[in-house]
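Chemist: No sequence on hand, only this structure:
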């Protein structure tokens with residue numbers, strides 16, 4: 001069975017690589033040192049520092065394996081290739097029917113950050129705007145019903 005590829009922007013993939021590098025170089029060494037110190041306290045059966053360091057080690061190693069899997073199965077989307085429609089890696093400005101304008105950054109599902117208005121291309125808004133041009137009127141399916149919006153502008157996310 002073939003592994004399913006996950007789309008990433010160049011920036012999103014770079015964040016995976018950065019986290020991987022930090023965990024495999026810096027964090028592993030910190031934990032190794034914590035284990036060494038905890039061992040020096042003696043009896044490991046009642047050593048909470050040792051137990052904590054082992055727990056941290058297990059979490060870090062699990063995250064490293066997860067990052068290796070994600071990077072192995074990543075598909076980096078060429079955000080420069082799409083110029084005339086909203087796509088992954090673009091920032092889109094929407095005007096809703098009530099007149100308010102909201103700016104969203106369209107990213108892959110693994111790069112979502114709602115606080116910073118980074119939404120998935122698979123989200124209701126993402127699905128409504130991807131492939132659309134400036135000036136297009138879109139219908140966004142929400143749990144509360146349909147919302148109408150117009151694409152005021154879009155550009156490649158920096």
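Modeler: Great, that's in hand. Note that the structure is predicted; figures quoted are calculated from it, not measured.
Chemist: Of all the residues in stretch 41-59, which ones are buried?
Modeler: 47, 50, 53, 54, 57 (16 or more other CB atoms under 10 Å). Just so you know, the C-beta spots here come from the backbone N, C-alpha and C atoms, and that holds for glycine as well.
Chemist: among those, which are in helices?
Modeler: With DSSP state H as the criterion, helices contain 50, 53, 54, 57 from among those.
Chemist: Start and end of stretch 34-49, how far apart?
Modeler: Taking CA to CA, to the nearest Å, stretch 34-49 runs 8 Å from one end to the other.
Chemist: what's in contact with that stretch?
Modeler: Here stretch 34-49 makes contact (CB atoms under 8 Å, 6 or more residues apart in numbering) with 50, 52, 53, 54, 56, 57.
Chemist: Ignoring the adjacent residues along the chain, who's closest to the last one?
Modeler: Using CB to CB, 6 or more residues apart in numbering and skipping the chain neighbours, the partner closest in space to residue 57 is residue 31 (4.8 Å).
Chemist: Quick one: classify that neighbour as helix, strand or coil.
Modeler: helix (DSSP: H, G, I helix; E, B strand; the rest coil).
Chemist: So it is in contact with residue 60, correct?
Modeler: Yes: look at residue 31 against residue 60 with CB atoms under 8 Å: they come within range, at 6.2 Å.
Chemist: Of those two, give the one with the bigger neighbour count.
Modeler: Each of residue 31 and residue 60 has its neighbours counted (other CB atoms under 10 Å); residue 31 has more, 20 against 16.
Chemist: what separates the residue nearest to residue 148 when sequence neighbours are not counted from residue 43, distance-wise?
Modeler: With sequence-adjacent residues excluded and distances taken as CB to CB, 6+ apart, residue 148 is closest to residue 97, at 4.8 Å. Distance of residue 97 to residue 43, computed by CB to CB, to the nearest Å: 68 Å.
Chemist: same check, this time on residue 157
Modeler: Distance from residue 157 to residue 43, by CB to CB: 54 Å.
Chemist: do the same with residue 108
Modeler: Going from residue 108 to residue 43 by CB to CB gives 48 Å.
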